[in-house]
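K.L.:
sequence and predicted structure are below.
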Amino acid sequence: ERTEGRGGTKLPRMDFPLFDGTNPREWVRRANKYFQIHGVEEQMKLDIAQLYLKDRAVIWLHGMYSERGPVPWSELALVVCERFGEGDPQEAIEEFNKLVQFGSVADYLEKFEMQKSPVMISLPRQPDSYYRSCFLSGLKDEIVNMVRMTKPFTLADAIETAKFQEKNLEAIRKAQGRGI
């Protein structure tokens with residue numbers, strides 16, 4: 001079955017993610033993606049999300065918001081992450097901003113992407129340039145200087161260039177080891 005999304009595009013049937021209290025950041029990320037794909041209006045997001053809470057999450061929501069009334073989706077997303085997640089969203093932002101490369105670019109990128117996800121929930125409208133700058137600031141000096149010389153326009157450009165620079169450095173070290 002297909003539904004119509006933004007711009008009249010035919011979309012395959014997609015289920016909204018259920019939330020039972022586990023992995024809140026991933027649930028919020030998937031919910032936001034669902035809202036984006038389906039062009040859900042802001043005032044409908046909370047109503048839709050509430051239908052897909054179960055177990056301890058729905059019990060918590062009823063206790064938390066029974067007398068307060070509706071709240072914006074963005075507030076619910078943050079509170080869900082605070083209640084069911086691994087701590088304060090501000091701490092996630094601080095950890096993300098302190099991230100530095102110790103091993104390979106691939107290892108750094110994996111940590112970067114894992115820590116980027118909760119930051120995107122807490123700071124939902126940050127431009128790509130913010131994440132590009134954060135990525136660059138954590139790279140090893142021997143890599144970041146060459147990456148900056150290329151003036152990467154996007155985060156993806158910076159990542160690709162960092163990987164190339166790391167390969168170049170490995171080739172130089174091999175050549176030096178053989179006395180070339």
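P.N.:
On my side now, so go ahead. Residues are numbered from 1 along each chain as shown.

K.L.:
contacts for stretch 149-156?
P.N.:
Residues from elsewhere that reach stretch 149-156, judged by CB atoms under 8 Å, 6 or more residues apart in numbering: Asp128, Tyr131, Arg132, Phe135, Leu136, Asp157, Ala158, Glu160, Thr161. Backbone N, C-alpha and C define where each C-beta goes, glycine included.

K.L.:
buried sites along it?
P.N.:
Pro152, Leu155 (16 or more other CB atoms under 10 Å).

K.L.:
now stretch 126-135
P.N.:
Going through stretch 126-135 with 16+ other CB under 10 Å, the ones that come out buried are Tyr131, Arg132, Cys134, Phe135.

K.L.:
quick one: which of the contacts of stretch 149-156 is nearest Ile59?
P.N.:
Of all those, Ile59 sits closest to Tyr131, with 35.8 Å by CB to CB.

K.L.:
so what's the closest one closest to, chain neighbours aside?
P.N.:
Of all residues not flanking Tyr131 in the chain, Leu155 sits nearest, at 4.8 Å (CB to CB, 6 or more residues apart in numbering).

K.L.:
local confidence estimate at the residue nearest the centre of the chain?
P.N.:
The centroid of the chain falls nearest to Ser117 when counting by CA atoms, centre = their mean (2.3 Å). At Ser117, the predicted lDDT confidence score is 76.

K.L.:
cool, Gly179 as well?
P.N.:
Reported pLDDT at Gly179 in the predicted model: 71.

K.L.:
low-confidence stretches in this protein?
P.N.:
When residues are selected by pLDDT under 70, those of the chain lie in 1-11, 65-68, 86-89, 180.

K.L.:
tell me how many other residues crowd Pro17.
P.N.:
Using other CB atoms under 10 Å, the number of residues around Pro17 comes to 16.

K.L.:
how about the one 4 residues further on?
P.N.:
With neighbours defined by other CB under 10 Å, the count for Gly21 comes to 17.

K.L.:
residue contacts, it?
P.N.:
Listed by CB under 8 Å, 6+ apart, the contact partners of Gly21 are Asp55, Arg56, Ala57, Trp60, Phe84.

K.L.:
what about 7 Å?
P.N.:
By CB atoms under 7 Å, 6 or more residues apart in numbering, the residues touching Gly21 are Asp55, Arg56, Ala57, Phe84.

K.L.:
for it, helix, strand, or coil?
P.N.:
Three states are possible here, and by DSSP: H, G, I helix; E, B strand; the rest coil the one that applies to Gly21 is coil.
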